[in-house]
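Enquirer: how would this look folded up:
(one chain, ligands or ions: 1)
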Amino acid sequence: MTDMIVAIDGPAGSGKSSVSKATAARLGFDYLDTGAAYRALAWFALASSRDTADSQQVISLLVDFDYEIGTNPGEYYVRVGEDDVTEAIREPRVTAVVSDIARVPEVRAFVTALFRSIIRSSPAAGIIVEGRDITTVVAPDAPVRILLTASPEARMARRAAEVTTQTAEDVAAQLHKRDSADSRVVDFMTAAPGVTTLDSTDLDFEGTVRAVVDVINGGT
Ligand code: C5P
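Expert: So this is what the prediction gives:
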C-alpha cells in the first residue's frame, strides 16, 4: 500500500480530472477518477432501464454492479461487466442523471469502500485520487489534500471546449444544475481545515500541473 495519497476535490470544469491524470503520469503515480464510478453506475442504471430518480431502483443495482477502472494514467479505462464505457460515461445523457445516483447514501458508502480498496492495493509510489469528497470523506488523512477551484466563467469555458455535442448554453445550464445538486450532498466549494486551495482561473494547464506538483513536493 502506498502512503503517498494525494486527495484532490473540486467542482466540474475546475480541470481536476485532466490535471490529476497529467500530474500522476509525471510523477509515476496511479490516478483514481472517482466521478467515473458514479458515472459508470449512472450508465448501468440507464442500460438496465432503471428510473435514476428512484433511489430504491438505484440501490437494487449495486449487487450486480461489476465495475473496473484503470488506475495507470497511461492506460485509463472504465468497464462495467464486459462493456468498455470509458467514452459512454461522458455522454450528456449520463451527465444529466449522475447527480441522482450520487445523492443516494447507500451508493456513496458502496463506492467509498471500493475507492479505499483501490487505494490500498495501488502498487505505485503514490496515488492521486480526485472527486468531490476525497479530502473530507474518502481519504481525510491523506498527507496532501487540495481543493482545485476556478471562477464560474473559466469552468464554463473549459467544459464547453470539452463537450462538442452540446451548445455552450446547454453545457452552462447542465453544469450549473449539477453543481447545485451536488453541493447539496457534499461541500466541494470551500476547503476543509488543512486543505490547500489552488485557484486555477489564471493558470493554463501546464501551470496548474506545476502548481499541483509544487504542493505535493511541499513547496506551497
Ligand atoms: O468528476 P465528475 O464530473 O466526472 O463527477 C461526476 C459526478 O459524480 C458529479 O457530478 C457528482 O454527482 C458525483 N461525484 C461525487 N463524489 C465524488 C466524485 C463525483 O458525488 N467524489
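
Enquirer: C-alpha from now on. contacts and neighbour counts both.
Expert: OK.

Enquirer: Mind giving me the packing neighbours of the lowest-mean-pLDDT helix or strand in the chain?
Expert: Of all the helices and strands that make up the chain, the one with the lowest confidence by mean pLDDT, DSSP states H and E is helix 152-162; it has a mean of 85. Helices and strands touching helix 152-162, as assessed by 3 or more C-alpha pairs under 8 Å, 6 or more residues apart in numbering; DSSP states H and E, comprise helix 168-183.

Enquirer: what does the helix it packs on rub up against?
Expert: Outside of helix 168-183, the residues within contact range by C-alpha atoms under 8 Å, 6 or more residues apart in numbering are Pro11, Ala12, Ala96, Ser99, Ala102, Arg103, Met156, Arg159, Ala160, Val163, Met189.

Enquirer: buried set for the helix or strand that it is followed by?
Expert: For helix 168-183, the succeeding helix or strand toward the C-terminus, using DSSP states H and E, is strand 196-199. Residues Thr196, Thr197, Leu198 are the ones in strand 196-199 that count as buried (16 or more other C-alpha atoms under 10 Å).

Enquirer: ok, strand 196-199: who's next to it in the sheet?
Expert: Sheet pairing here is set by DSSP bridges, and for strand 196-199 it gives strand 144-149 (parallel).

Enquirer: Just the C-alphas of the strand it pairs with, formatted as CSV.
Expert: What follows is the C-alpha trace of strand 144-149 in CSV, where atoms were taken according to Å, rounded to 0.1, in the frame of the first residue of the first chain:
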residue,chain,number,x,y,z
VAL,A,144,-1.6,16.0,0.6
ARG,A,145,-5.1,17.5,0.2
ILE,A,146,-6.0,20.1,-2.4
LEU,A,147,-9.2,21.9,-3.4
LEU,A,148,-8.8,22.9,-7.0
THR,A,149,-11.1,25.8,-7.9
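
Enquirer: Let me know the average pLDDT across that strand.
Expert: The average pLDDT for strand 144-149 rounds to 96.

Enquirer: Pull the distance from that strand to the chain's centre.
Expert: Its chain's C-alpha centre lies 13 Å from the corresponding centre of strand 144-149 when counted by C-alpha atoms, centre = their mean, to the nearest Å.

Enquirer: Over to stretch 91-105 now: how far is its first residue from its last?
Expert: The stretch stretch 91-105 measures 24 Å between its terminal residues, going by C-alpha to C-alpha, to the nearest Å.

Enquirer: Excluding sequence neighbours, find me the nearest residue to Phe110.
Expert: Nearest residue to Phe110 in three dimensions, chain neighbours excluded: Leu62, at 7.9 Å (C-alpha to C-alpha, 6 or more residues apart in numbering).
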